[in-house]
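[1] what follows is a protein structure lacking sequence information:
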């Protein structure tokens, strides 16, 4: 019975991973882009105290991927596991921060929008 359950579970997981092996989740550029976005967005929000871990993790993943760019023997996904982990955790930390501060962030103008609002308010 246990052997049969193990066999069924192995077949199901193998099929699942084979199905997703050709998706964007198994491409290095996707995780590098997620890590880059998680490095940019905390800077855009002025690196508030709760966003520092997300920024540091994403920067760590980017630097790790950058190092492998020069000395890996091939362009395989297996070399980017730290980048995948760092990008995933920093995206989760950023999502938690946005969920907790949604009302405050929604009402605050971004740095690039502040000049345009001042010009339209005074030019009336």
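    In hand now; what should we look at? If you're wondering where the values come from, they're calculated on a predicted model, not measured in any experiment. Numbering: from 1, shown residues only.
[2] look up how far residue 77 lies from the nearest residue to residue 80 once chain neighbours are set aside.
    Nearest non-adjacent residue to residue 80, counting by Cβ to Cβ, 6 or more residues apart in numbering: residue 28, 4.7 Å away. The C-beta positions use only the backbone N, C-alpha and C, and glycine is treated the same way. Here the criterion is Cβ to Cβ, to the nearest Å. By it, residue 28 lies 6 Å from residue 77.
[3] same question, residue 102
    Relative to residue 77, and taking Cβ to Cβ, residue 102 is found at 34 Å.
[4] the more surrounded of the two?
    residue 77 (14 against 10; other Cβ atoms under 10 Å).
[5] for the more buried one, what are its contacts?
    26-28 (Cβ atoms under 8 Å, 6 or more residues apart in numbering).
[6] hmm, 10 Å instead?
    Applying Cβ atoms under 10 Å, 6 or more residues apart in numbering, one finds that residue 77 lies in contact with 21, 25-28, 31, 83-84.
[7] residues in contact with residue 98?
    41, 45, 51, 105-106.
[8] phi, psi of residue 32?
    Backbone geometry at residue 32, expressed as degrees, to the nearest 10, gives phi -70, psi -40.
[9] what about the residue nearest to it when sequence neighbours are not counted, how many neighbours?
    Ranked by Cβ to Cβ, 6+ apart and with sequence neighbours excluded, the top spatial neighbour of residue 32 is residue 65, at 5.3 Å. Using other Cβ under 10 Å, residue 65 has 23 neighbouring residues.
[10] tell me the contacts of residue 65?
    Applying Cβ under 10 Å, 6+ apart, the residues contacting residue 65 are 28-29, 31-32, 35-36, 72, 79-80, 82-84, 86-87.
[11] circling back to that earlier point, out of the contacts of residue 77, grab the one that's most surrounded.
    Most neighbours among the contacts of residue 77, by other Cβ under 10 Å: residue 31, with 26 neighbours.
[12] thinking again about what came up before, dump the contacts of residue 65 into TSV; add pLDDT as well.
    Shown next, in TSV, are the contacts of residue 65 (pLDDT from 0 to 100):
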residue	pLDDT
28	84
29	87
31	90
32	91
35	94
36	94
72	76
79	83
80	87
82	92
83	92
84	92
86	95
87	95
